[in-house]
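> fold the following, please.
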Amino acid sequence: MIDKQSITPLKKLWRLALYIGFGILASLALSAAFMPLLYDVNMGTYFIALQNGEADWLPGASRLMAALQQICTFLIPGWIFYYLYHKKETKKSYSQKLFLYVVALNILSIPIVEMAFYINQFLPTEWLKDDLVTNTLFLEQILIGEGYTTQIINIIILCVLPAIGEELVFRFGLQKHILSKTTLGPAGAILVTSLVFSFIHFDAAGFLPRFVLALVLGASYYFSRTLLVPILFHLFNNYMAYLQMKFGNTDNLVPEYFYANTWITVGIVLICVVLLIKVLMHMSTQNKRVLNEQ
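Presented below is the predicted three-dimensional model:
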């Protein structure tokens, strides 16, 4: 029997790439299979209708494709890879001050990511045009609908699934194993992973802000030594992006959404606070355990 922990980091990365490749194929196959069953159209008809934007079934079909893409391409491959190769870290002294610093870094990076969106507009227009139009049409269809159920579904598809799946793939899968295999060091591993993270979205219109966000997420994972921190910040960032896409006016975005959807926003904030408290308590327990064993 082969010891799964004895497999080299390079082979692990090849396996992760293989899982993602199968996931992409599965996503396309399932989309092609479910589209005729649920909406009586094929994939070709869907993309033609997407350009016109007049079919009643487009929002539901777009949500289906987005959900399958996230689940098959990132969430399932990332979870399988994590399940196979996750092991308890060697005992280290966790610093609560360092953790609080990472949280503060995440918060302070928000305006930097927003500035990256502004700078990204100065990239060549011919590079941005095609994917910007296609992605905009796709997202516009997903965002159609005002009911609470529709909003919750959209938040799960656009915010929750990407935050979990992409962090499993990029931070645990790619960054951690680049760091263990190469001599690039933490900064090099975070930089390479961030470039791959931004390129793989195939969206030049959002390349720079995604790269900056990935740098913060990578640093958060390295310093906090837990995926929970980058997952939470990734979720928060996705949620803010969702609000911007949904309501458009970033100047009065948060106040308007608090008044319109208080229970959703407050619920998400409370969940994040509880999870952060649990992380702090966990690190405190780890510190005490290390001190007692010395």
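
> now do the strands in the stretch 51-200 of the chain.
Read by DSSP state E, counting those that start in this stretch, the stretch 51-200 of the chain holds no strands at all.

> so where is it shaky, pLDDT-wise?
Confidence mapping of the stretch 51-200 of the chain against pLDDT under 70 gives the ranges 88-102, 104-105, 107-112, 114, 123-134, 181-182.

> try 50 this time
For the stretch 51-200 of the chain, the stretches with pLDDT under 50 are 90-91, 130.

> please enumerate the helices of it.
58-70, 76-85, 96-120, 125-143, 148-155, 161-166, 176-181, 185-199 (DSSP state H, counting those that start in this stretch).

> ok, and what's touching the first one?
Identification of contacts with helix 58-70 by C-beta atoms under 8 Å, 6 or more residues apart in numbering yields 27, 30-31, 34-35, 38-39, 41, 46, 49-50, 138, 141-142, 144-145, 153-154, 156-158, 161-162, 165. Where you see a C-beta, it was placed from the backbone N, CA and C, and this is true even at glycine.

> that one to helix 76-85, inter-axis angle?
With axes from the mean of the first three to the mean of the last three C-alpha atoms, to 10 degrees applied, the angle from helix 58-70 to helix 76-85 works out at 20 degrees.

> let me know the angle separating helix 58-70 from helix 148-155.
Using the same axes, to 10 degrees: helix 58-70 against helix 148-155 is 40 degrees.

> residues in contact with stretch 153-162?
Contacts of stretch 153-162 (C-beta under 8 Å, 6+ apart): 63, 66-67, 70-71, 74-75, 142-143, 145, 234-235, 238-239, 241-242, 264.

> same check on stretch 39-49?
Ser31, Ala32, Met35, Pro36, Ala55, Trp57, Leu58, Gly60, Ala61, Met65.

> picking up where we left off before, can you tell me which of the contacts of helix 58-70 are buried?
Among these, those buried by neighbour count (16 or more other C-beta atoms under 10 Å) are 27, 30-31, 35, 39, 41, 46, 49-50, 138, 141-142, 153-154, 157-158, 161-162, 165.
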